[in-house]
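Asker: predicted structure and sequence below. I'll ask about it afterward.
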Amino acid sequence: MIVVRSLILATAGHVDHGKSTFVKYLTGLDPDRLPEEKTRGMTLDLGFASVPGISFIDCPGHESFIKHLVAGQSAVDGACLIIAMNEGIQEQTLEHIRILNWLGTKQVMIVVTKTDLTDTKEDAQYQASEIYEQAQKLFLPDVRTELLLVSHHIPRHDAINKIKTFFKPIRQITNHFYNRFFLDRIFTINGAGSIVTGSFSEGEIETGTRGLIWLSNNKKPRPVVVKTIRHEHFAPQKWLTAGRVAFGLDGVSPEEVPRGSVLLFQEKLPPLARSLALNLDWAIEQKKQFTATIQVGTLCLQAKLRLHPKGFWRAYLEMPAPIMRGDKLVVRLPERIEGLGQTVAAGNVLDAYLPTRQIKSAPPQDTREFIKWCRESEGSEKYDLEDWALRLGLPNEEVKQYVDLFRKNIPQVKPEKPKMIDERLLRELEEKKWEGFVKEDELDRAHTLVKAHFVKHVKANHFLHNDHYNELLNWLESHFQKHEELTLDHARDFFKIGRKHFIHLLEFCDRLHFTFRKELVRKPFKLPSYPPPLSVRPTGARADGPQSGHPVSGY
Ligand SMILES: Nc1nc2c(ncn2[C@@H]2O[C@H](COP(=O)(O)OP(=O)(O)OP(=O)(O)O)[C@@H](O)[C@H]2O)c(=O)[nH]1
Ligand SMILES: [Mg+2]
């Protein structure tokens, strides 16, 4: 069945300027579906409504729900920026314009509402043009804008036609090393089981596909099977274009899936990103390191951000996540900054698997340059196609187009024998848990497992399976919620192995900057949270805090 996909448009604009009323007027459906939204008269979460050919994502205007706004704007064809005539451009209007620019939104209809509050139609026309003139200047030069003045005199179908003529369905499907579907809702429908919805923009999927839901609470990913596909009133067997889609899933129930979880279109969990190299564009003078929330699509994570001496940013994520090179993200602070809001930076991921050792320059944006950079900085000529696909975030077929480059520069790119993952060794390391020691002749294979991101290298012949690594991080986090420091007795009680061996693991935590050593105890390695703008440190100054004097080598 051929399905013509609908436009995906999101609303944006200051609180109470009439975003939900506009969507309701066009579609006849109230996007404010939560009882609390109805009693408070305010949108708290994303709302959805459609007319044939257009799917609307209604976003909240209040600054407290900015993450929902970002989630709503992340995979759309364009935005309707709503501005109330009686108030004009307000603080959230400005913050939302900045976010739209950052997320690369290229088509924006500036919708002026509450025109009935003026005396005459001419007054309304005049004021709306003034507002439009001011607003359109705030968008980047390559953003197409148009004015839509809404009042109850404008017939609904005229407004819809204007929208359909202005917006083009520009979002294309992109393929990645592994494809993802960022979930914005999960619920049950009697008889149809669990339904997940989102804006589809990666890969293709058909009924019967087996996948995996990565859970944003760091619990074990859940295997699922796609039973049904819905797009508006169509129920195709296969879906491969960008658009709003709902999937009926077997294998998971809504209460197990927190917001921000991601459906992966493969059965095996790929190696996830733990720390990122970022290219960030700032709205304020920035500190060199701080804690913030980063958001990719509907996925929000806490991260420690630190400016690398080579001029790019590193983000150390609170948990491994399905984030890839090329992903767009925004950075939000826990508290708002006067006149600016919480969203202070945005950018893209330059590298999701950057090694922790010293590097000489920032990872380049351009793919070919990036490949050269990897080779030069890491001597990674031993990489095979799969390694490159992971590092580049691209599907194998696309990576092959760079094969010429490999041939020219790396004659030995294809190893004689494909590098195999030693499943037996991996199982052994899992069983040995904290005492993952390998024999001399297993070292090479253990390092291959490290490179494939299945295990971590602790020290010498000591390795740690990823599951136990995660367990270790969780333990550290809960330990430091209860205690200020970590003593050797605490560690002995937890690891239940000999002192010499658990010391390796503690040193490993120090090396990764999860802890730092102070005499005989360990303390949590915490970065200070962002200060108010006036106390922003001059560039070059070091932050105070427990890490002062602590070596920050290679970061
Ligand atoms: N007079 C008049 N009132 C309007 C118009 N559009 C919206 N309103 C009123 O403005 C108030 C806010 O409207 P909403 O549509 O909930 O505003 P919103 O932008 O969705 O608000 P948030 O989602 O909370 O940011 C409601 O009381 C609406 O009835 C309009 O064109 N004219
Ligand atoms: Mg609303």
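Answerer: Cool, the structure landed. Ligands and ions are numbered 1, 2, ... in the order given.
Asker: following the chain onward from the lowest-mean-pLDDT helix or strand in the chain, which element is next?
Answerer: In the chain, the helix or strand scored least confidently by mean pLDDT, DSSP states H and E is helix 403-409, which has a mean of 54. Where DSSP states H and E defines the elements, the next helix or strand beyond helix 403-409 is helix 423-432.
Asker: if the residue nearest to the spatial centre of the chain is in a bridge, with which residues?
Answerer: Nearest residue to the geometric centre of the chain (C-alpha atoms, centre = their mean): Val296, 1.9 Å. Beta bridges link Val296 to Leu299, judged by DSSP bridges.
Asker: surely it meets Lys328?
Answerer: Yes. Val296 is within contact range of Lys328, at 7.0 Å (criterion: C-beta atoms under 8 Å). (C-beta placed from N, C-alpha, C; glycine too.)
Asker: overlap in contacts, the two.
Answerer: Ser74 (C-beta atoms under 8 Å, 6 or more residues apart in numbering).
Asker: mind listing what's buried along stretch 85-104?
Answerer: Using 16 or more other C-beta atoms under 10 Å as the test for burial, stretch 85-104 gives 85, 88-90, 92-103.
Asker: residues touching Pro395, list them.
Answerer: Pro395 neighbours (C-beta under 8 Å, 6+ apart): 175-177, 389.
Asker: spell out which residues of this structure are next to ligand 2.
Answerer: The chain comes close to ligand 2 at residues 19-20, 43, as judged by C-beta under 5 Å from the ion.
Asker: now, which of those sits nearest Lys219?
Answerer: Thr43 (29.3 Å; C-beta to C-beta).
Asker: burial measure for the nearest residue to that closest one once chain neighbours are set aside, as a count.
Answerer: With sequence-adjacent residues excluded and distances taken as C-beta to C-beta, 6 or more residues apart in numbering, Thr43 is closest to Pro60, at 4.1 Å. Using other C-beta atoms under 10 Å, Pro60 has 26 neighbouring residues.
Asker: could you do the one 5 residues further on as well?
Answerer: Neighbour count for Phe65, taken as other C-beta under 10 Å: 19.
Asker: that one contacts Leu44, correct?
Answerer: Yes. Contact criterion C-beta under 8 Å: Phe65 and Leu44 qualify, at 6.0 Å.
Asker: how about stretch 394-405, which residues are buried there?
Answerer: Neighbour-count burial for stretch 394-405 [16+ other C-beta under 10 Å]: 394-395, 398-399, 402.
Asker: backbone dihedrals for Val15, both of them.
Answerer: phi -60, psi 140 (degrees, to the nearest 10).
Asker: now for it: which residues touch it?
Answerer: By C-beta under 8 Å, 6+ apart, the neighbours of Val15 are 42, 60-63, 92.
Asker: can you do 7 Å?
Answerer: 42, 61-62, 92 (C-beta atoms under 7 Å, 6 or more residues apart in numbering).
Asker: and what of Val330?
Answerer: 70, 99, 102, 295, 343, 346.
Asker: same question for Leu488.
Answerer: 499, 520.
Asker: look up phi and psi at the closest residue to ligand 1 within the stretch 351-500 of the chain.
Answerer: As assessed by C-beta to the nearest ligand atom, ligand 1 sits closest to Ala352 within the stretch 351-500 of the chain, at 33.9 Å. Main-chain dihedrals, Ala352, degrees, to the nearest 10: phi -100, psi 0.
Asker: in space, what's closest to it - neighbours in sequence excluded?
Answerer: Nearest one to Ala352, counting by C-beta to C-beta, 6+ apart, is Ala273 at 3.8 Å.
Asker: thought that neighbour was touching Leu350?
Answerer: No. With contact defined as C-beta atoms under 7 Å, Ala273 does not count as touching Leu350 (11.7 Å).
Asker: phi, psi of the residue in the stretch 301-450 of the chain positioned nearest to ligand 1?
Answerer: Closest residue of the stretch 301-450 of the chain to ligand 1, C-beta to the nearest ligand atom: Gly341 (13.8 Å). Dihedral angles phi and psi of Gly341 (degrees, to the nearest 10) take the values phi 90, psi -160.
Asker: go on, Asn348?
Answerer: Dihedral angles for Asn348 - degrees, to the nearest 10 - are phi -140, psi 160.
Asker: pretty sure it contacts Met324?
Answerer: No. With contact defined as C-beta under 7 Å, Asn348 does not reach Met324; the gap is 10.3 Å.
Asker: comparing those two, which shows the higher neighbour count?
Answerer: Met324 (25 against 18).
Asker: pLDDT of stretch 438-457, averaged?
Answerer: Per-residue pLDDT over stretch 438-457 has a mean of 87.
Asker: so for that stretch, what gets flagged as buried?
Answerer: 438, 442, 445-446, 448-449, 451, 453-457.
Asker: okay, now Tyr25: neighbour count?
Answerer: That count, for Tyr25 with other C-beta under 10 Å as the rule, works out to 15.
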